[in-house]
Structure formats: structure tokens, C-alpha cells
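Q: Just to be clear, the model below is a prediction. Sequence and coordinates:
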Amino acid sequence: MQSRNFKPNGPRSSTGPRGAKRRGPGAGYQGGKGNSFNRGGGRGGRFAGKAIDINKFINKSAGPVAEDKYIAKTLFPDFPIDQRLKTIIAQRGFETPTEIQEKTIPLIMEGRDVIGLANTGTGKTGAFLVPMINKMLSNPHEKLLVVVPTRELAIQIQEEFVAFSRGLHINSVVVVGGANIRPQIDKLRSRHNVVIGTPGRLKDLIQRKRLMLDRFANVVLDEADQMLDMGFIPDVRYLLSLVSPKRQTLLFSATLAPEIERLTGEFLNNPEKISIRKRDTSAQVDQDVIRIARGEDKIEVLHNLLAQTHFQKVLVFSRTKHGAEKLSKALHHKGFKAESIHGDKSHAKRQKALKLFKENIVQILVATDVASRGLDIPNVSHVINFDVPATFEDYIHRIGRTGRAGKTGVALTFIG
């Protein structure tokens, strides 16, 4: 959703120092358009393996006015939703819906299945929470299951749900792996309308007979391309086999590969597809590559970049869990305030690291792709791909953590 008051930052330079000099667009690597990276095989049986053209990592930002601002024809007060919900939306400072919200909310309220595709930071969470909360206000027996790929995204959606439903006596429960299951079981015993969870923990609770899905007639698959990844398909099939056969299913994502889109017919009934993706990546993100010469120390190059004052709040992506932890410790040893987030860390430590980064207590967060999907982290000045992503879709999600809410950002990819 769009706040009525935001002040875009000016564009930032991404010129590198010694050992990490910017060679200008197209000159940061050797060769022409035939150059590519083939990450073959992907992770966990993913649809991956296509070569990534290096030129896709280079795209000069035109600044915060690069894209025309969407002019909504409908304001939130005009939607036929419960007045109590309208009041909460107004109190949160939202008046004008984003494009994905204006185009999907009426369809969801009509009971249609929807596929919503929009770039990161465009309000997809609000697009499904507003009509679903309204549905629960009309019928207190309605139940919603939200399935997400990561625990961080589950908690973020929970926070948004709480903000939109405050005082409405609609309760939600978050169930994610890596956290103590006993408190989650206790919360499931209480009255609730919404369950937000990751597939593995949802399955665990179902098999323990602590969660019954037969009364859930509303399902959201958020970050759907990853949810319908080859590794998640059996889990999604299992969960959807247990919910009410007469259900409304919503699928939201920033990207949806053709191979995965063909699978959606299994899960959705005659869906309305709304795509407002004008381009693969935001025009407000200045993208370039950093060429690492043979024998050059990547960590030293990264150090020289991070030492510059305009690298204010930096998200660094590593390919592996071990690599993320090792890099975080190396940066900490060099005097940077850095934390890491990856699958080998406990739930509590991941949440603490994310909180410290969001609150600007640490300057650098080193992460695997668990931090690339859906997370709304304010004011990230730079995204650095220390390791090339497995797929271009992963790249899109990674760099979508910067250049949000009308601000400009910088994305740099190490090539070597």
C-alpha cells in the first residue's frame, strides 16, 4: 500500500575503490552478450539450469521518476468493505491502493481464484489480507490458510495481519519450522481464523493431529513460484488435498516461470491472472557487475566497497549456508557490524539478526536466499551478490530488497 507521505532519496553512486573499480556498464566483465553463467541443476530439483546472460546484471537506474506513478481510480474508502476495516486502513495512513491491490481486491471479493504477479514492494500482502479479513468479518466461521516458503515471510505476514485486524477479534497463528512446536500447538488450541505457516511445520502438525484443514475454505500461496518449486509440489498437493474442496485459492508472486505456471491448473479453478510486472527488475535499482580478477581476494574487494560511506545498509547474498556464516565472521573480524541469516541458524537467532538489521543496529546482513523472498526491510541502500544466484528469478528477488517505496538502490554482482 502506498503511504501518503514518503520522501524519495536521491540516487546513490556505486563507484568502487581500489580492487573493486567500476568499469562502467558493460565493461565490468570480459566479453560480449554471449557471456553467461550456467548454474546447472539448481537447488532441490528446482526448474533451473538456464544460463544467465551477464548483461542482465547491468541496468542503469533512471532515478525515482523512471516509472510513471500509478493513478488509482478507486480509493480504499470506495471499496465495499466493512467500515471497521476501512477505519483501520485509514488509521495506518493508507488511502490509495497500489495497482495490484486495486485490480485484485474486487476479484477476490467476488470469490474468484486469482494469480497476482507484481514486482516486490508493490503491496501484494495487502492485496490478499484486506479482502480476506473483510470475508471473515462477514462470516466469523471463515478460515484462511497462508502457505509461505520461509519462516521470516510467515512472521512478516503475521505482523501485517495483526496491524490490519487490531480490535476486530480475528486471531491468527504462525507455525514455522526451527521454532519450538509446543507453543504453536498451544496457540492452535485457541480460537483462530488464520494459520500462516511453512509446509514442513504444517505437515508435522497435521500428522500429529493438532491441525485439521477441512474447515479451511481459503488458501493463499505466497511467493508462489518457490512454493510450487519442484521441491514444494508434493507438500502443496498434500496440504490442498486436506482443505475444503469448495475453496478460494489465491496465488501471489513477483515471478512465475512458465514451467511452474503450467502447474497452477492443479490448484486453482479458472483463475483470473493479473500481471502488472512492467519489467523484470525495478527501474529504481542501479545494477552493475564487479569483475574479480584472477587471484584477487573477493572478501578484500567486498571490504573495500563496504568501507565507502554511501554503503549504508547492505544486504549481501551468499550461495551457501556455510559461506554466509564464514563471510559474516570475516566481515565482523574486519570491524564491520555484520550478522548472518541462513538455514543452519536457529529460529531465534535468525529473528534476532533480522531485527538488528531492520533497526540499523548492524550495517550488513549476509544471507542465503532465505532472505530474498518477500521480506520488507526498509532503506536497504545496496544489495551485493557475493555469489551469482542460481537463476535469474532468484536474482530478481534478491535485488528487490533495495529500491523500494520510491527510493533508489544499487545492486552489484561479483563476477569472476
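A: Arrived safely.
Q: where does the stretch 301-416 of the chain have low pLDDT?
A: With pLDDT under 70 as the threshold, the stretch 301-416 of the chain has low-confidence stretches at 374, 405.
Q: which stretches of it form strands?
A: Residue ranges of the strands in the stretch 301-416 of the chain, as given by DSSP state E, counting those that start in this stretch, are 314-317, 338-341, 364-367, 382-385, 409-415.
Q: As JSON lines, the ones you listed with distance to residue 353 and mean neighbour count would be great.
A: Placement of C-beta: from N, CA and C, glycine included. Formatted as JSON lines, the strands of the stretch 301-416 of the chain follow (distance: least, C-beta to C-beta, whole Å; neighbours: other C-beta atoms under 10 Å):
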{"stretch": "strand 314-317", "distance to residue 353": "12", "mean neighbour count": "27"}
{"stretch": "strand 338-341", "distance to residue 353": "4", "mean neighbour count": "25"}
{"stretch": "strand 364-367", "distance to residue 353": "7", "mean neighbour count": "26"}
{"stretch": "strand 382-385", "distance to residue 353": "17", "mean neighbour count": "25"}
{"stretch": "strand 409-415", "distance to residue 353": "21", "mean neighbour count": "25"}
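Q: Nearest to residue 242, out of the ones you listed?
A: The closest of those to residue 242 is strand 338-341. By C-beta to C-beta, the value is 31.2 Å.
Q: Dihedrals phi and psi, the residue of the chain most remote from its centre?
A: Relative to the average C-alpha location in the chain, and by C-alpha atoms, centre = their mean, no residue lies farther out than residue 295, which sits at 34.9 Å. As for residue 295, its main-chain torsions (degrees, to the nearest 10) stand at phi 90, psi -10.
Q: quick one on the thing from earlier: go through the strands of the stretch 301-416 of the chain and name the closest to residue 167.
A: Between residue 167 and those, the shortest separation by C-beta to C-beta is 32.8 Å, and it involves strand 338-341.
Q: Strand partners (parallel or antiparallel) of the closest one?
A: Taking DSSP bridges as the criterion, strand 338-341 forms sheet pairs with strand 364-367 (parallel).
Q: List every C-alpha atom in the strand it pairs with, with coordinates, as CSV.
A: Provided in CSV are the C-alpha atoms of strand 364-367 (Å, rounded to 0.1, in the frame of the first residue of the first chain):
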residue,chain,number,x,y,z
ILE,A,364,25.4,-5.6,7.0
LEU,A,365,23.3,-8.7,6.7
VAL,A,366,24.9,-11.7,5.0
ALA,A,367,22.2,-14.1,3.8
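Q: quick one, what contacts the residue lying closest to residue 370 once chain neighbours are set aside?
A: Across the structure, with C-beta to C-beta, 6 or more residues apart in numbering as the measure, the residue nearest residue 370 apart from its sequence neighbours is residue 150 (5.1 Å). With contact taken as C-beta atoms under 8 Å, 6 or more residues apart in numbering, residue 150 is in contact with 198, 223, 370, 373-374.
Q: Ok, residue 275 next?
A: Shown in contact with residue 275 (C-beta under 8 Å, 6+ apart): 117-118.
Q: and with 6 Å instead?
A: residue 117 (C-beta atoms under 6 Å, 6 or more residues apart in numbering).
Q: For it, name its beta-bridge partners.
A: On the basis of DSSP bridges, residue 275 takes part in beta bridges with residue 117.
Q: SS state for the closest residue to residue 76 other than its chain neighbours?
A: Using C-beta to C-beta, 6+ apart and skipping the chain neighbours, the partner closest in space to residue 76 is residue 89 (5.0 Å). Using DSSP: H, G, I helix; E, B strand; the rest coil as the criterion, the local structure at residue 89 reads helix.
Q: again with residue 80
A: Assigned with three-state DSSP, residue 80 falls in the coil class.
Q: Can you get me a residue count around it?
A: Residue 80: 8 surrounding residues under other C-beta atoms under 10 Å.
Q: And for it, nearest residue in space, chain neighbours not counted?
A: In space, residue 80 comes closest to residue 109 once its chain neighbours are excluded; the distance is 7.1 Å by C-beta to C-beta, 6+ apart.
Q: Go ahead and confirm the one you found touches residue 130.
A: No: between residue 109 and residue 130 no contact is recorded; they are 9.1 Å apart, counting by C-beta atoms under 6 Å.
Q: ok, back up a step: need the strands of the stretch 301-416 of the chain in a markdown table with distance to residue 178, can you?
A: Formatted as a markdown table, the strands of the stretch 301-416 of the chain follow (distance: least, C-beta to C-beta, whole Å):
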| stretch | distance to residue 178 |
| --- | --- |
| strand 314-317 | 20 |
| strand 338-341 | 12 |
| strand 364-367 | 15 |
| strand 382-385 | 24 |
| strand 409-415 | 28 |
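Q: and residue 208, which of the ones you listed is closest to it?
A: Proximity of the strands of the stretch 301-416 of the chain to residue 208 was assessed by C-beta to C-beta; the nearest stretch is strand 338-341, lying at 28.0 Å.
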